[in-house]
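In: Let me see the structure of the following:
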Amino acid sequence: METIRLVARSAARDLLRLVRALKARGLGLDALDVHEREALQECNRELATVLSVREGDNLDWASLEHAVAASRARLVSTRSAILERMGKRRAEILEAMLAVQVAEEDLQVEPPHEKEELDRVRARAARRLAYLDRSEAMRRRVEARAVDIEGSAEELVAGLPARWLRSIAKAVGRPRLRDPRAVARWIATPSVLAHLSSGLRPAEKRALARILAEGGRAHARALEEEFGDSTEDGFYWDREPPTSVLGRLRARGLCVIGRASLDGRRRSRPRVVVVPRDLREVLLRELAGVADEVPTVTVPDDVVEDVMTQDEDDPESAEAQAMLFDRAQPELASFAAGASLSLSSPGGTGSAALVYYVERLWAMYEAAHPERVPRLRHRDIEAARRASEQEFAVIEGMNERLLARRVGTLISSQPHLYAFLASVLEEEDLPLSEADKAVVFHACDTAIRAFDRALLSC
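Out: This next block holds a predicted model:
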């Protein structure tokens, strides 16, 4: 139950920050699209109901967990749509969100007077999850269609669903265009292509450069392994724009996904990503040099030292950093709080140490990569947690020589962060058992893996 409440509280904070930030910039709920406004109101009702649940209530906790997951998914997609629509004001709204303070009393709600309200929340959550499943199934069906790997923008864009065309037209600055050929012609204009490519994020530029380097078509699976798949992008792009790297490229008409043979074998038709033939030459010029850029995520030694010494004698600054961490990385903060429950004495010094070290790792990444560190999502953290567990399962039982080699490989990407962890966990005055130290290390290792993967993909 505690984990469900932590996730619900994190989502509720996000909702309050968004609404208050919009209000602070003169944008009330009435200024939002009707679908966006209704989605936020629905999230508010569902989260308030979940937060009102008490320990002794006889409820289906699995259903409540689904309800929270559905509310968070709706909030994330709605917030992305709102920020995408803000255009030049996006940075202004994001800055206002970071400045918003959410007090504990803001999250207090009265217990429900009727059991029916919880039933309604579960029913809405079930409908939302069914909607998401249906949306994903429809997206996969589109991606299963045959695609011409040498098709032009007009030929490839014309075959896309109407909802995707509306999303593309909006993304390229022509929301009223409905004719697929007119949308394709606009995208193919050199000045428009230059504008679109300049506005891409680093990972999007690298992904697009990779496709172009392979002749304008590449295996989707290989790209997804490096840049992340399109899971949760869904089908209804006009309502909820895609958020994955490949999804954002597709939502700008710069590539499509379908099935085709790349090696001439008719029986082999894998999923491929294709850049329209008539866009390749201009995009190659615009992205010249991007493919050769080698992104680095290593946190330098001096940054680790600076972060650990800056707040030693300033408790107020340390508290401010902790609050900023909770605002900037609510899902990671929830993960750390949940991980602390696995300690032998949850809620004690060990719990505070675990949360503190995860927060310090975030501060180190922020100092080393200013304005580049993305907010970690639940799926990012879960993927990193599973990878960490698998790594330590493999290490367990290795002989000494193989173990040293494996550990060397493990810490090679972030030697200074792992050295920092080793030093603090070996301190004599840290009141933790060896088992509890392993829990702290696993939580911190998960955070490092998640940040590294996110930085390489953003």
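In: For Leu156, see how far away the residue nearest to Arg72 when sequence neighbours are not counted is.
Out: Once flanking residues are discounted, Arg72 sits nearest to Ala11: 4.6 Å by C-beta to C-beta, 6 or more residues apart in numbering. C-betas here are computed from N, CA, C, even on glycine. To Leu156, Ala11 is 38 Å away according to C-beta to C-beta, to the nearest Å.
In: Can you tell me, leaving aside adjacent residues, what's nearest to the most centrally placed residue in the chain?
Out: Residue closest to the mean C-alpha point of the chain, counted by C-alpha atoms, centre = their mean, is Arg377 at 4.2 Å. Nearest non-adjacent residue to Arg377, counting by C-beta to C-beta, 6+ apart: Glu331, 6.1 Å away.
In: again, but for Gly350
Out: Leu343 is the one closest to Gly350 (C-beta to C-beta, 6+ apart), at 4.5 Å.
In: my hunch is that that neighbour is in a strand, does that hold up?
Out: No - Leu343: not assigned to a strand; according to DSSP: H, G, I helix; E, B strand; the rest coil it is coil.
In: So that it lines up with my notes, have the first residue be 508 from now on.
Out: Sounds good: first residue 508 from here, last item Leu850.
In: picking up where we left off before, may I ask which helix or strand encompasses the residue nearest to Arg884?
Out: helix 837-847 (DSSP states H and E).
In: Buried residues of that helix, list them for me.
Out: 837-844, 846-847 (16 or more other C-beta atoms under 10 Å).
In: same check, this time on stretch 636-648
Out: 639, 642-643, 646.
In: Narrow the residues you listed to those in helices?
Out: Using DSSP state H, 639, 642-643, 646 are the members of the buried residues of stretch 636-648 that sit in helices.
In: Would you mind giving those residues as CSV with distance to Ser895 and pLDDT added?
Out: Below are these laid out as CSV (distance: C-beta to C-beta, whole Å; pLDDT from 0 to 100):
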residue, distance to Ser895, pLDDT
Leu639, 27, 79
Ser642, 31, 89
Glu643, 27, 90
Arg646, 30, 94
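In: Using PDB, write out every CA atom in the helix or strand containing Val557.
Out: Secondary-structure element containing Val557, defined by DSSP H and E: helix 541-558. C-alpha atoms of helix 541-558 as PDB (Å, rounded to 0.1, in the frame of the first residue of the first chain):
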ATOM      1  CA  VAL A 541     -11.200  20.800 -23.700                       C
ATOM      2  CA  HIS A 542      -9.600  17.300 -23.800                       C
ATOM      3  CA  GLU A 543      -6.600  18.500 -21.800                       C
ATOM      4  CA  ARG A 544      -8.800  20.200 -19.200                       C
ATOM      5  CA  GLU A 545     -11.000  17.100 -18.800                       C
ATOM      6  CA  ALA A 546      -8.000  14.800 -18.500                       C
ATOM      7  CA  LEU A 547      -6.400  16.900 -15.700                       C
ATOM      8  CA  GLN A 548      -9.700  17.100 -13.900                       C
ATOM      9  CA  GLU A 549     -10.100  13.300 -14.200                       C
ATOM     10  CA  CYS A 550      -6.500  12.800 -12.800                       C
ATOM     11  CA  ASN A 551      -7.300  15.100  -9.900                       C
ATOM     12  CA  ARG A 552     -10.400  13.100  -8.900                       C
ATOM     13  CA  GLU A 553      -8.700   9.700  -9.200                       C
ATOM     14  CA  LEU A 554      -5.500  10.700  -7.300                       C
ATOM     15  CA  ALA A 555      -7.500  12.400  -4.600                       C
ATOM     16  CA  THR A 556      -9.600   9.200  -4.100                       C
ATOM     17  CA  VAL A 557      -6.500   7.000  -3.900                       C
ATOM     18  CA  LEU A 558      -4.800   9.300  -1.400                       C
END
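In: and the helix or strand following that helix, what does it pack onto?
Out: Next in sequence after helix 541-558, counting helices and strands by DSSP H and E, comes helix 568-593. In terms of contacts (3 or more C-beta pairs under 8 Å, 6 or more residues apart in numbering; DSSP states H and E), helix 568-593 is packed against helix 509-531, helix 541-558, helix 597-606, helix 622-650.
In: okay, and the helix or strand of the chain with the least pLDDT?
Out: Lowest mean confidence among the helices and strands of the chain (mean pLDDT, DSSP states H and E): helix 907-918, at a mean of 58.
In: CA atoms of whatever helix or strand comes next after it as CSV?
Out: Scanning forward in sequence from helix 907-918 by DSSP H and E, the next helix or strand is helix 922-932. The C-alpha atoms that make up helix 922-932 are tabulated as CSV, following Å, rounded to 0.1, in the frame of the first residue of the first chain:
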residue,chain,number,x,y,z
PRO,A,922,34.4,5.4,-12.2
HIS,A,923,34.2,8.5,-10.0
LEU,A,924,30.6,7.8,-9.0
TYR,A,925,31.2,4.2,-8.1
ALA,A,926,34.4,5.3,-6.2
PHE,A,927,32.2,7.8,-4.3
LEU,A,928,29.7,5.0,-3.4
ALA,A,929,32.4,2.7,-2.3
SER,A,930,34.0,5.3,0.0
VAL,A,931,30.8,6.3,1.7
LEU,A,932,29.6,2.8,2.2
